[in-house]
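1. Have a look at this fold, sequence not included:
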């Protein structure tokens, strides 16, 4: 045994003393984040064990990354070092489902799919449908404020969260919000932690308002001869009384998926209405239900998220949809980049899957950001080779709020323990 | 406040924008929580964002506290002035800056009233969803500070769900833009913390709001019950049936009678009434409305009135919204709290309140957002009778304790302010509060931005409890502090 590995053993023992026996091990290649292998991986079984382990890391000057299902670990800047990777997956209980109140409290390490399986016993769900929901955990989804097509109706974790417990870098555990749907007592730290990418604290449990499962669903799948037809259909749909639960586009080839969830008669009626409008706009609609509908949505998700390569998240003003799609096509073609776009056509939130020469991709991202003044849109890199991350900042400009964000980070995590340098603006 | 400071203030806002005479300052001594009064050293009425910045910079340099105020309709003393500080009155910042219908957004200054936003976009078929009962007069800046709700939050959420971006003047006088017109601006969600921070982090000078398309159909019914239990059960059953109405409001016998006496909305003489409003696509509203009627019938509801047109709807809402003011016909004074409970606990908590009414001898009216579990107990008293005001405050505090006992909150929409700051340790541990203070310290290290609000301080509350220690159950890993 070399002296290095014996010192590693000693550290593992230190972590095990806090996280629990047999619950810490040296990191291996499969744990790597952008090629950086964590020193130790620990999987504390309880919030207190996690908080205690975190406090030890902070006191001993180690850097910490928190991992749930590991589906979004590549988001953010490449880490300089990861001394300790804290896994939340041993804390995976649905703590309480108050079905009469339409709320639930869930531990951070539970997957969304497990959570919704439990909630479905009372015909309710946590209405989020981000990518990889069979593996993605509640903690990770909240920390990234991730969502999916049904954001159109239900919003993001930020809109649904009503309470949280968290462990601070110094190991202190704190609560914010509560279990009631309406509550303005104190600062809303749950929203601050939502989308904070693990930079401020570790989410232990989250409490959400839920939605009833809908009785019926129909999806109108529309094929268009050109993506330019999507924008006008979206505007037309939303100007009518149409209330889709998802309003998605994908291109190339240009298609839209428009979902209606309600009581049977209403889902059917709205789907037929949308199909008629789609024909008026030169599209070819098909109304889907049952397994065909499920398969269409699975395929839609896979178009960007299940393929290799770079993923960009793009937010724009919703009315700029057509001009943005045209621009993307022009520039990608000129730079010989292969691309596919999917996303929330009614909200101006798009995901771009990108393939091609890395320097051309970097130029593409930079040019895209030049089109988007801070506050009127953004282009962030969600997944990329470290090579691309080295060429362009993954987050892009944050604006004049950065100074105060840095100050918040400094107060929550003065030693720079949590996910240092990886968050927006280098937090 | 020294003469040099006052002269400097006057240079910034002009003689017309500075109020310093005791008589003129009377207007600003309190917000709608008139029980708490304090005269500010000076009040300023800036015309421009630049003036706000200059005033805040001046305060920052001199370490003088400042408090921002909108229309003064707040119910928790959030805009209570500081005796040694400057009150920054934002009513002159009342311009609508941009209406962007294609993107369903509007950008306004903080002094614009809530209802004005809807008025400006109504002709395009849109409206602004949060509708606090003071919406005719309350300001958007105040709504942002308090995370205001209203009757329709059940389906549409609160201010925080409808604010996309803000421009703020930080306590050091620098400008920052948080959120934006597009969604998901990169960076920490400081916007989510600013909303509901009760003016303790920054002064909001510009707000971009999301507009909502008017629903195709709205239907409302009013239904009577022989007990608040039955009405409470009907609320739970509606939610359990998977129906999310736009609003579910409850009134009890006391508030029904008060409203009836004041504005004659034609409410039945019952122990409780529910007002249920559904909106959305016409066919959906029709289908769900029938189910709501069936749920109410199953819970022995009677005297159903279905609002057939806008006029009838207006009449019923008028009856509901008049309830507060109408309490004046029952008692000379009343004390209102807005604690929240899980909605399934409504029958239980209402029974406890009824018992408290009997024990205290004070009439307690209940009119509230039942769908959200957001109570508004109106504790009636006569200030002229010795000791009744104190008794009323004790009774109201006791009701808050009931709310916390069942896992609820001190406030659903009125805010903590100066009113309930001392109650915060009942709901949050020292660790919780200290963590919130980290945010405060990041924004306002000098504690000059609306100090003495929201957090308990020894000055306000006497000695505050010592540092929080984990409960053995917590150490064992049971999370029951949620």
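-> Right, received. Where do you want to start? Computed from a prediction, not measured in an experiment: that's the story for all the values here. Numbering: from 1, shown residues only, chains lettered A, B, ... in the order given.
2. where along chain A do the helices fall?
-> Remark: helices assigned in chain A by DSSP state H are A:3-19, A:47-59, A:112-119, A:138-143, A:151-154, A:157-160, A:189-193, A:230-239, A:264-280, A:290-305, A:321-334, A:358-371, A:386-391, A:402-412.
3. who wins for proximity to chain B among the ones you listed?
-> Proximity to chain B (C-beta to the nearest C-beta) singles out helix A:189-193 among the helices of chain A, at 3.0 Å. Backbone N, C-alpha and C define where each C-beta goes, glycine included.
4. Tell me which other helices or strands that closest one touches.
-> For helix A:189-193, the packing partners by 3 or more C-beta pairs under 8 Å, 6 or more residues apart in numbering or on different chains; DSSP states H and E come out as strand A:161-167, strand A:173-177, helix B:190-194, helix B:430-443.
5. could the helices of chain A be laid out in JSON lines, adding mean neighbour count?
-> Conversion of the helices of chain A to JSON lines gives the following (neighbours: other C-beta atoms under 10 Å in any protein chain shown):
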{"stretch": "helix A:3-19", "mean neighbour count": "15"}
{"stretch": "helix A:47-59", "mean neighbour count": "23"}
{"stretch": "helix A:112-119", "mean neighbour count": "19"}
{"stretch": "helix A:138-143", "mean neighbour count": "29"}
{"stretch": "helix A:151-154", "mean neighbour count": "21"}
{"stretch": "helix A:157-160", "mean neighbour count": "22"}
{"stretch": "helix A:189-193", "mean neighbour count": "27"}
{"stretch": "helix A:230-239", "mean neighbour count": "20"}
{"stretch": "helix A:264-280", "mean neighbour count": "19"}
{"stretch": "helix A:290-305", "mean neighbour count": "16"}
{"stretch": "helix A:321-334", "mean neighbour count": "17"}
{"stretch": "helix A:358-371", "mean neighbour count": "18"}
{"stretch": "helix A:386-391", "mean neighbour count": "15"}
{"stretch": "helix A:402-412", "mean neighbour count": "20"}
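6. what's the least confident stretch among the ones you listed?
-> Mean pLDDT is lowest for helix A:3-19 out of these, coming in at a mean of 81.
7. And the helices and strands packed on helix A:189-193: which comes nearest residue B:321?
-> Go through these one by one with C-beta to C-beta and the one that ends up closest to residue B:321 is strand A:161-167, at 26.3 Å.
8. thinking again about what came up before, put together CSV for the helices and strands packed on helix A:189-193, with mean neighbour count on each row.
-> CSV is the format used below for these (neighbours: other C-beta under 10 Å):
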stretch, mean neighbour count
strand A:161-167, 26
strand A:173-177, 24
helix B:190-194, 26
helix B:430-443, 21
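9. Leaving out the residues flanking it, which one is nearest to the residue in the stretch 301-427 of chain A that chain B sits nearest to?
-> Among residues of the stretch 301-427 of chain A, the one nearest chain B by C-beta to the nearest C-beta turns out to be residue A:375. It sits 3.2 Å away. Distances taken as C-beta to C-beta, 6 or more residues apart in numbering or on different chains place residue B:180 nearest to residue A:375, at 3.2 Å, with adjacent residues excluded.
10. What count of nearby residues applies to the one you found?
-> Neighbours of residue B:180 under the rule other C-beta atoms under 10 Å in any protein chain shown: 24.
11. List the residues that contact it.
-> Taking C-beta atoms under 8 Å, 6 or more residues apart in numbering or on different chains as the contact definition, residue B:180 lies against A:374-376, A:399, B:164-165, B:208.
12. quick one: which of the helices and strands packed on helix A:189-193 is nearest residue A:388?
-> Using C-beta to C-beta as the measure, helix B:190-194 is the one of the helices and strands packed on helix A:189-193 that comes nearest residue A:388, at 28.3 Å.
13. So for the closest one, mean pLDDT?
-> Rounded mean pLDDT across helix B:190-194 is 98.
14. what residues does that helix touch?
-> Outside helix B:190-194, the residues that touch it by C-beta under 8 Å, 6+ apart are A:158, A:187-189, A:191-192, A:194, A:401, A:404-405, A:408, B:144, B:160, B:163, B:165-166, B:168, B:176, B:178-179, B:201-202, B:204, B:439.
15. cool, and stretch B:358-366?
-> Taking contacts as C-beta under 8 Å, 6+ apart, the residues outside stretch B:358-366 that touch it are B:228, B:250-252, B:254-255, B:258, B:323, B:327, B:330-331, B:334, B:350, B:353-354, B:356-357, B:375-381, B:388, B:391-392, B:395, B:399.
16. So for it, what gets flagged as buried?
-> B:360, B:362-366 (16 or more other C-beta atoms under 10 Å in any protein chain shown).
17. Low-confidence regions, chain B specifically.
-> Low-confidence segments of chain B, defined by pLDDT under 70, span residues B:463-482.
18. Could you rerun that using 50?
-> Under the criterion of pLDDT under 50, the regions of chain B flagged as low confidence span B:465-482.
19. can I see the domain layout of it?
-> Per automatic domain parsing, the domain ranges recorded for chain B read B:3-89, B:96-213, B:217-405.
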